[in-house]
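[1] What follows is a predicted protein model with its sequence.
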Amino acid sequence: MKHVRGLKRPVSRDKDSRMHTLHVLPYSPWSERARWALLHHRLAFREHEHVPLIGEFALRLRSGVWKGRVSVPLLCTSAGPVRESLAIAEYAETHGSGPPLFPASVRDAITSLDAQLEPVIDTGRASILLAIKEHDDAAIASLPKALRWVPLGAMSARLGTRFVASKYGTTAEELHDRFHAGLRSVESTLGGRDYVHDTFTYADIVCASAMQFVNPIDDRYIPLEPAMRARFTRHELVRAFPALFEWRSALYAKHRRVAAPVV
């Protein structure tokens, strides 16, 4: 099998969705980047929610990665697995339809921006892992609904959180300053324009998703339990960058399709 880098939930029905299953942490910015690219290019897919630690063996089995780090998003296709959000977006570009997310003239700039803004989302991951470790409501809300009835559910979530933290070497130091610097970088990248480049591209998806762990997008796009939304939201930063979050809301309204529910 060829490997490419890189709760059933919403489903896109434009083509045969049996060909694509997207394994995600539903609220993760990385998962959202992959989801948005697939929706933009109208590739049919189903979502499967990954549960850290519990789902580790199945994820390795699906990805074909038995050593080192393995994570979601992971797209399973008829040709094999595609790992990581950027690679999944590039797969969607090749196999889907619609306007390009990677115009040739700015492709290198987009991939460079993707790497540049990675520390912003890493900071967000540190903050939410800390919230899950310290707050029972966030720990329970982080679990799929089917697992919340399990005795010691909060403890189980924390075990999964520690497992994720151990994979990424996450720390929670100076979170506010790191978030502020990251948002300032996004603001500078946009420079007051509607798009990073002349038209809507993957660069805009990267910038918009970088804000998820500071002020989560509306439930129409990424549903969140109230406890998780409360732990994600950093009101002082939302007040400090109002234009940036207004830009993100407008971008979602114009360019982010809302997938139909599974029936």
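    Received the coordinates, thanks.
[2] Measure how buried Ala227 is and give me the count.
    Residues lying near Ala227 (other C-beta atoms under 10 Å) number 17. From N, CA and C alone the C-beta is placed, and that goes for glycine too.
[3] do the same with the one 10 residues further on
    Around Leu237 sit 18 other residues, with neighbours defined as other C-beta under 10 Å.
[4] Likewise for Trp30?
    Using other C-beta under 10 Å: Trp30 sits among 21 other residues.
[5] Can you tell me, leaving aside adjacent residues, what's nearest to it?
    Leaving aside its sequence neighbours, Trp30 sits nearest to Ser85 (C-beta to C-beta, 6 or more residues apart in numbering; 4.6 Å).
[6] I'd assumed Phe102 was in contact with Tyr202.
    Yes. With contact defined as C-beta atoms under 8 Å, Tyr202 reaches Phe102; the gap is 5.9 Å.
[7] Arg33 and Arg193: what is the separation?
    20 Å (C-beta to C-beta, to the nearest Å).
[8] swap in Ala92?
    24 Å.
[9] Looking only at neighbour counts, state which of the two leads.
    The neighbour count for Ala92 versus Arg193, taken as other C-beta under 10 Å, is higher for Ala92 (27 against 11).
[10] Need the residues that contact the one helix or strand that one maps to.
    In the assignment (DSSP states H and E), Ala92 maps to helix 85-95. In this structure, residues lying in contact with helix 85-95 by C-beta atoms under 8 Å, 6 or more residues apart in numbering are 4-6, 22, 30-31, 33-34, 37-38, 40-41, 43, 73, 75, 77, 82, 100-102, 111, 114, 202, 205.
[11] list the contacts for the spatially closest residue to Tyr202 that is not a sequence neighbour?
    Among residues not flanking Tyr202 along the chain, Leu101 sits closest, at 4.1 Å (C-beta to C-beta, 6+ apart). Contacts for Leu101 (C-beta under 8 Å, 6+ apart) come out as Ala37, His40, His41, Ala89, Ala92, Glu93, Ile110, Phe200, Thr201, Tyr202, Ile205.
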